[in-house]
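[1] Predicted coordinates and the sequence they were generated for:
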Amino acid sequence: MNKLKVGMIGLAHTHGESFLKALERNPHAEIAGISDENKAYAEPFDRMYPYFEDYRELLRTDIEAVFICSENIRHAPLTLAAAKARKHVFCEKPLGVSKEDMQAMVEACKENGVQLMTAFTNRYSQAVVQAKEVIDSGGIGKVLAVKCTNKGGLPRRDWFTDRRLSGGGAMLDHSVHVIDILNWILRSRVVQVYAESGTLFHDIPIDDMGMIHFKYANGVVGVLDTSWSRVKAFPMKRDLTLEFIGTGGTIAVDVRNMINEVYSNSAGSAAWSDWSDNLSELIVADFVDCILTGRPVPITGDDGMNSAVVALAAYESSRLGKPVDLP
C-alpha cells in the first residue's frame, strides 16, 4: 500500500498533537509539513517537519490530505481552501460555528471531489461500538430515553474561552461528541432542543456549563450535562457517559472507565491511568485507509454538521428561555 502524504494545518486544538503523533506511528502515512500562524502552537514539531508559516504554501505542495486542528472559527475558511486545492480534509470538531459555514464546507468538498471527515474519536470506543451492536439487535427493546454526561476541566488553551475564536464555550465543546454518538446509534435526528447555560465554575467570559434536553424525530427524549466543571485535582480530566433506557432493558456506557488507579508520593492526588484503545490512532488509521483505498469516510461532514446544529440550537434556546425546533 502506498503512503498518504498529509499536512497538518493548525495545532491550536489540544487534539492536534495526538493526531500528529498518531500519523507519526501510522506506517501508511507521511507527514509532509505543518502550518500554524501562531508558531508557538507548532512547537516542537516545527523542528521535526517542514514548517509553513503560510498554510496556502503547504496546500500548494503535493500533499493529498490535510488535518485541520485550528481554532474553531478557522475550520470553515481552511476547509474551503483545502477543498479548492483538491486536498481531502480531516477536521477537528465542532465542524463549524454556523450552519451556513458547515454547509459551505460540505458542498465545497463534494464539488471538488474530496472527502471531508469529522474527528469524532469516541465512535471508535469499544464501549460505544458494543452498545450500538446490542441496540441494533434489539437487545433492550425500543429505546425510549437517554441520559448523558460529558464533563471536563477548563481547556488549557486560552482561545477556548474567546468567543471570537471558539464560537462557543463548554456547551459547544462538549455536546457535539455525545450528539454524534446518539445520532449514529439512534439513526434519527434531533427535532427539538431546550437548554440552560451559564458560567458557574470559572471566572471566564463564556459558558462553562450547560444542560441540554432534546427530542428525536423517532420519539426518543434525552438530557445531556455538558460542562468544564472538573477541578484540577480530579484523577481524570474528563468523562463521557451514556445510559440508554429501552422497553426491554438498559445499557450504561462509561467511555473513560478503562482505568488503573495510581497512588504515588510524587503526585499531588490520586490518578487514573487509561489503558483503553488509543482512539486517535484508530480514527487516523481509518481516515488514511479510506483515502488510500477510495472507501467513503465513516464520519462525514454532514455528520459533523448534524451534531453541531444541535449545540447552536441549544445556545438559541438558552438565550430565548424556551424550546427551539430544528428544521
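    Thanks, I have the structure now.
[2] who's in contact with the residue nearest the centre of the chain?
    The centroid of the chain falls nearest to residue 93 when counting by CA atoms, centre = their mean (3.6 Å). Residues near residue 93 by CB atoms under 8 Å, 6 or more residues apart in numbering: 118-120, 176-177, 180, 304, 307-308. All C-beta atoms are positioned from the backbone trio N, CA, C, and that covers glycine.
[3] could you dump stretch 65-81 to PDB, C-alpha only?
    Once non-C-alpha atoms are left out, stretch 65-81 reads as follows in PDB (Å, rounded to 0.1, in the frame of the first residue of the first chain):
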ATOM      1  CA  ALA A  65      -4.900  15.400   2.600                       C
ATOM      2  CA  VAL A  66      -4.800  17.800   5.500                       C
ATOM      3  CA  PHE A  67      -5.700  17.600   9.100                       C
ATOM      4  CA  ILE A  68      -7.300  20.800  10.400                       C
ATOM      5  CA  CYS A  69      -6.900  21.300  14.200                       C
ATOM      6  CA  SER A  70      -7.100  25.100  14.300                       C
ATOM      7  CA  GLU A  71      -9.300  27.400  16.400                       C
ATOM      8  CA  ASN A  72     -13.000  26.600  15.700                       C
ATOM      9  CA  ILE A  73     -13.700  29.800  13.800                       C
ATOM     10  CA  ARG A  74     -11.000  28.900  11.200                       C
ATOM     11  CA  HIS A  75     -12.300  25.500  10.300                       C
ATOM     12  CA  ALA A  76     -14.500  26.800   7.500                       C
ATOM     13  CA  PRO A  77     -12.000  29.000   5.700                       C
ATOM     14  CA  LEU A  78      -9.300  26.400   6.000                       C
ATOM     15  CA  THR A  79     -11.500  23.600   4.700                       C
ATOM     16  CA  LEU A  80     -12.700  25.700   1.800                       C
ATOM     17  CA  ALA A  81      -9.100  26.500   0.800                       C
END
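[4] Go ahead and confirm residue 252 touches residue 243.
    Yes. Using CB atoms under 8 Å, residue 252 is in contact with residue 243, at 4.9 Å.
[5] quick one, which of these two is more surrounded?
    residue 243 (16 against 13; other CB atoms under 10 Å).
[6] Now the residue nearest to that one when sequence neighbours are not counted: which helix or strand?
    Nearest non-adjacent residue to residue 243, counting by CB to CB, 6 or more residues apart in numbering: residue 147, 4.5 Å away. Assignment of secondary structure by DSSP states H and E places residue 147 within strand 143-151.
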